[in-house]
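Peer 1: Got a predicted structure plus its sequence, pasted below:
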Amino acid sequence: MSPRTESGRQLPRLSKARRAALDLLFEAEARGIDPTELTQSRIDHPVSEKILRDYTVELVKGVTEQRERIDELLATYSTGWPVERMPGVDRQALRLGVWEILFNDDIPDAVAIDEAVTAVAEMSTNESPNFVSGLLNRIKDLKPALID
């Protein structure tokens with residue numbers, strides 16, 4: 001059986017890919033398992049008919065590989081809010097946003113921020129969109145210094 005992935009980087013597909021990556025990262029953290037292993041398990045043994053997109057796999061892998069650096073940045077620039085104390089959805093949306101801002105030149109920074117804010121607006125607290133927007137914009141503004 002072939003892997004259940006889909007190529008192509010059209011905007012609606014990317015939004016769905018981000019949402020799937022957010023779900024996988026959130027589930028992996030809640031279950032205390034490696035996100036890339038969970039992703040591979042879902043490719044090998046799908047639990048639904050939904051297609052696991054290539055960009056979902058890329059996001060999960062990228063966030064997992066850069067997680068230490070991403071969390072360091074989140075801890076440094078989230079004023080008075082430790083990463084481990086952030087709501088889980090916020091934490092994962094921020095990780096995805098930071099990864100896209102710093103490590104994926106194919107995605108405009110504004111899109112990465114908007115997608116993260118939209119996700120937390122739908123799934124987290126009333127304060128989450130402003131918090132996520134502010135933190136990701138701070139990291140975007142510091143991007144030249146962070147990637148050198």
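Peer 2: Received, thanks.

Peer 1: just how off-centre is the host helix or strand of Ala20 within its chain?
Peer 2: In this assignment (DSSP states H and E), Ala20 forms part of helix 11-31. Distance of helix 11-31 from its chain centroid, counting by C-alpha atoms, centre = their mean, to the nearest Å, is 7 Å.

Peer 1: Show residues contacting that helix.
Peer 2: Contact with helix 11-31 is made by 6, 34-35, 37-39, 42, 50, 52-56, 59-60, 63, 88-89, 91-93, 95-96, 107, 115, 119, as judged by C-beta atoms under 8 Å, 6 or more residues apart in numbering. Just so you know, the C-beta spots here come from the backbone N, C-alpha and C atoms, and that holds for glycine as well.

Peer 1: Tell me the buried residues in that helix?
Peer 2: By neighbour count on 16 or more other C-beta atoms under 10 Å, the buried set for helix 11-31 is 13-26, 28.

Peer 1: Then stretch 66-74?
Peer 2: Result for stretch 66-74 [16+ other C-beta under 10 Å]: buried residues Gln66, Ile70, Asp71, Leu73, Leu74.

Peer 1: just stretch 109-124 next, same as before
Peer 2: 109, 111-113, 115-121, 123-124.

Peer 1: Convert the C-alpha atoms of that stretch to CSV, please.
Peer 2: Coordinates of each C-alpha in stretch 109-124 appear next as CSV, following Å, rounded to 0.1, in the frame of the first residue of the first chain:
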residue,chain,number,x,y,z
ASP,A,109,5.8,35.3,7.4
ALA,A,110,2.4,37.1,7.4
VAL,A,111,0.7,33.9,6.2
ALA,A,112,2.4,31.8,8.9
ILE,A,113,1.3,34.3,11.6
ASP,A,114,-2.2,34.5,10.2
GLU,A,115,-2.6,30.8,10.1
ALA,A,116,-1.4,30.3,13.7
VAL,A,117,-3.7,33.1,14.9
THR,A,118,-6.7,31.6,13.1
ALA,A,119,-6.0,28.2,14.6
VAL,A,120,-5.9,29.5,18.2
ALA,A,121,-8.9,31.7,17.6
GLU,A,122,-10.9,28.6,16.7
MET,A,123,-9.4,26.2,19.3
SER,A,124,-8.1,28.1,22.3
